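Asks: Whatever this is, show me its structure:
(chains A and B)
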Amino acid sequence: MGKTFAQKVLERAAGRLVKPGEIVFAEPDLIMSHDNTAAIIDKFRTILPEGNVRYPERLAVVLDHVVPAATCKNAADHAKIREFVEEQGIENFYDAGTGICHQVVPEMGLTLPGTIIVGSDSHTCTYGAFNCFAAGIDRTETAGLWVTGRTWFVVPETISIELSGFFGERVSAKDLILTIIGDLGAAGANYKAVEFHGHSVSTLRLFERMTIANMGVEMGAKLTVFPPDRNVMGYVRDRGVDSKRSAWSDSDAEFYTVHEYDLSRIVPVVARPHSVDNVVPVEELEPTRIDQIFLGTCTNGRLEDLGTAAEMLEGGRIDPSVRMVVAPASREVYLAALKQGALQILLEAGAMVLPPGCGPCLGAHQGVLAPGERCLSTANRNFRGRMGEPESEIFLASPETAAASALTGYITDPREVM
Amino acid sequence: MSVFYYHQDDINTDLLFPGKYTYQCSSGPEIKEHLFEDLDPTFKEKVQPGDVVMAGENFGCGSSREQPVVGLKYLGVKAVIACSFARIFYRSAINQGLLLIACPEAVAAYAEGDEVDVNPTEGKVKVGDRTFEFPPLPDEIMEILEDGGLLSHLRKTYGRTGSEE
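Replies: Predicted coordinates for the structure are as follows:
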């Protein structure tokens, strides 16, 4: 019987053969944290009041969640983090303005195919787009990893998702992953690895794979991963990344379940409040007015996402009843979108453009919602109260649906405004 | 001993501790003020040391924020018993030394007013007059839990004694 991706990666890390269900101890290759690094420092210091991080070269620290600082507490946290990374010689530090961790870490060439990455952020699974074994952990475990360099993993069973066909017009990766989560449910992949297979995987570009991998945790997955194919090798070449550890499951690997999706049958969908698996085709949704549109985040704040929205909004005006907030995922994305003219188009259409970062996604600043307000967001989570007041509502959709809805003021099937 | 029973699946981290406070609060007393705010605003006032929380499937799904677990531990909650737990939340509980019991039978058996008693060493949970067994944690993980969480566990090996934040 062949082996899965997760088995192979953990076998190499543990130096022995492993089976699903076993616990192994392994040293992650990269340990990522963001603004919560301030809290991690405090925890780390309760173990080693004066000692050093064991492997400073394995840390990546990105300030992205509340940047620039919104409160005095945020500012103090950021200052503490800057001092710590300086003191510990942590070279992979990216200060406010660089971008969202899940965009910046790949941009900096830190997502080496086949390596193990953990991050104190649930959307760490995004790096599976680059063939990484990438899983979220909490702050305390991150502090422990700074001390010891190692942690435990349960070898997961693996779900295979086989893709065929091509997306129709104005249908994109976000619609696919929302559809999958709607089918499998919010706990449908709990503790599992999710591998993407099938003829159509090679047609999915990296930005699309990042959108898909990013949302694996919304169905409970430990990791979501794509094969180390030509697209990944293009990244490896462009960013000068070491790819010799890339891995993939054997053709006779045993999967927990296999699910097949024909991309040509995917339609624009939204996840209704207040759970990500509450998915319905836009065309079946009752007319739904919106107050705010949020285009951005680690799910859909990339150059191609902004470009698509700009293309749809070019020469048009955002409906006067709607505020549109745009947050490019990184400085690199921001600059490219600036050069391509996407930001100018979005601004001319009436959008606000935020600095690179998480923006209002977690309800900390830059576009929080009032009671009764409704936001159509390209983010990954629509839990009650996430973007502000518990009596507000979040619908999740693709950049295409966001742009179409910006024009009309209600949630609109992007195929209607072509 | 009281039981806080939430007959609901997929209770997520934003309901347990809203994201808008994630970068404002990290200590037990600060967290308490917002714990379960959008799930049950009365929880923080009513909960007593030794109490138990019960819920449905996939408890703690969503963010990696550990404040819900830190808050429950701070308030002395003895255990959370649910049909199942989300992965990061489960790890978080081990890291904080909070006992989680995945036992759908125990959740199904609960009726209002039932006494609930937990014996982690024997792997047993008693609901009313019925007793259910749950599988023990692997030794390596049990050790972390018994040490009172990952930080105290690591302090045994690496550090001097120091107080938690």
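
Asks: Would you mind listing what in the stretch 151-300 of chain A touches chain B?
Replies: Residues of the stretch 151-300 of chain A lying near chain B by C-beta under 8 Å from any C-beta of the partner chain: A:152, A:186-187, A:190-191, A:217, A:220, A:222, A:275, A:277. Where C-beta positions appear, they are placed from N, C-alpha and C, glycine not excepted.

Asks: top of the residues you listed by neighbour count?
Replies: The member of those surrounded by the most neighbours (other C-beta atoms under 10 Å in any protein chain shown) is residue A:217, with 30 neighbours in all.

Asks: so is that residue in a helix, a strand, or just coil?
Replies: Here residue A:217 takes the helix state, with states given by DSSP: H, G, I helix; E, B strand; the rest coil.

Asks: How much space separates the nearest residue to it once chain neighbours are set aside from residue A:107?
Replies: Take residue A:217 and drop its neighbours on the chain: the residue closest to it by C-beta to C-beta, 6 or more residues apart in numbering or on different chains is residue A:122, 4.8 Å away. Distance of residue A:122 to residue A:107, given as C-beta to C-beta, to the nearest Å: 20 Å.

Asks: of these two, who's got more company?
Replies: A side-by-side neighbour count of residue A:122 and residue A:107, using other C-beta under 10 Å, places residue A:122 first with 26 against 18.

Asks: I'd assumed residue B:88 was in contact with that one.
Replies: Yes. The pair formed by residue A:122 and residue B:88 meets the contact definition of C-beta atoms under 8 Å, at 5.8 Å.

Asks: Just the strands from chain B, written as ranges.
Replies: Ranges of strands in chain B, per DSSP state E, are B:3-6, B:52-55, B:79-82, B:99-102, B:116-119, B:124-127, B:130-133.

Asks: Format the ones you listed as CSV; extra columns: distance to chain A, mean neighbour count and mean pLDDT.
Replies: Below are the strands of chain B laid out as CSV (distance: least, C-beta to the nearest C-beta, whole Å; neighbours: other C-beta atoms under 10 Å in any protein chain shown; pLDDT from 0 to 100):
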stretch, distance to chain A, mean neighbour count, mean pLDDT
strand B:3-6, 14, 17, 97
strand B:52-55, 12, 24, 98
strand B:79-82, 11, 24, 98
strand B:99-102, 11, 20, 95
strand B:116-119, 23, 17, 94
strand B:124-127, 21, 20, 96
strand B:130-133, 19, 14, 96
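
Asks: Ok, which of the ones you listed comes nearest residue A:8?
Replies: Go through those one by one with C-beta to C-beta and the one that ends up closest to residue A:8 is strand B:99-102, at 28.3 Å.

Asks: Residue of the stretch 151-300 of chain A closest to chain B, please.
Replies: Ranking the residues of the stretch 151-300 of chain A by distance to chain B (C-beta to the nearest C-beta) places residue A:187 first, at 3.7 Å.

Asks: Confirm that that residue sits in a helix.
Replies: No. Judged by three-state DSSP, residue A:187 forms no part of a helix; its state is coil.

Asks: wait, doesn't it sit right on residue B:59?
Replies: No. Judged on C-beta under 8 Å, residue A:187 makes no contact with residue B:59 at a distance of 9.7 Å.

Asks: what sits in contact with each of the two?
Replies: Common contacts of residue A:187 and residue B:59 (C-beta atoms under 8 Å, 6 or more residues apart in numbering or on different chains): B:84, B:86.

Asks: thinking again about what came up before, any common contacting residues for residue A:122 and residue B:88?
Replies: Contact criterion C-beta under 8 Å, 6+ apart; residues shared by residue A:122 and residue B:88: A:136, A:217, B:63-64.

Asks: Just among those, which is most surrounded?
Replies: Neighbour counts for those peak at residue A:217, which has 30 neighbours (criterion: other C-beta under 10 Å).

Asks: confidence score at that residue?
Replies: The predicted structure scores residue A:217 at 98 on the pLDDT scale.

Asks: check contacts around it.
Replies: With contacts defined as C-beta under 8 Å, 6+ apart, residue A:217 is in contact with A:122-123, A:125, A:136, B:88.

Asks: now swap in residue A:282 and tell me
Replies: In this structure, residue A:282 makes contact with A:267-270, A:397, A:401, A:411-414, judged by C-beta under 8 Å, 6+ apart.

Asks: Now go through these and say which are in helices.
Replies: residue A:401 (DSSP state H).

Asks: Can you say which of the contacts of residue A:282 are buried?
Replies: The neighbour-count criterion (16 or more other C-beta atoms under 10 Å in any protein chain shown) marks A:268-270, A:397, A:401, A:411-414 among the contacts of residue A:282 as buried.

Asks: what's the burial count for residue A:56?
Replies: Going by other C-beta under 10 Å, the residues that sit close to residue A:56 add up to 15.

Asks: ok, it touching residue A:90?
Replies: Yes. Between residue A:56 and residue A:90 there is a contact under C-beta under 8 Å: 5.0 Å.

Asks: show me where chain A has helices.
Replies: A:5-14, A:37-47, A:72-88, A:101-107, A:139-148, A:173-184, A:206-214, A:230-239, A:297-300, A:303-313, A:331-340, A:342-348, A:399-408.

Asks: looking at the ones you listed, which is buried most?
Replies: Looking across those with neighbours counted as mean count of other C-beta atoms under 10 Å in any protein chain shown, the highest average goes to helix A:297-300: a mean of 30.

Asks: hmm, who's touching that helix?
Replies: Contacts with helix A:297-300, where a contact means C-beta under 8 Å, 6+ apart, come from A:100-103, A:123, A:126, A:174, A:210-211, A:214-215, A:327, A:329, A:358-359, A:361, A:377-380, A:398-399.
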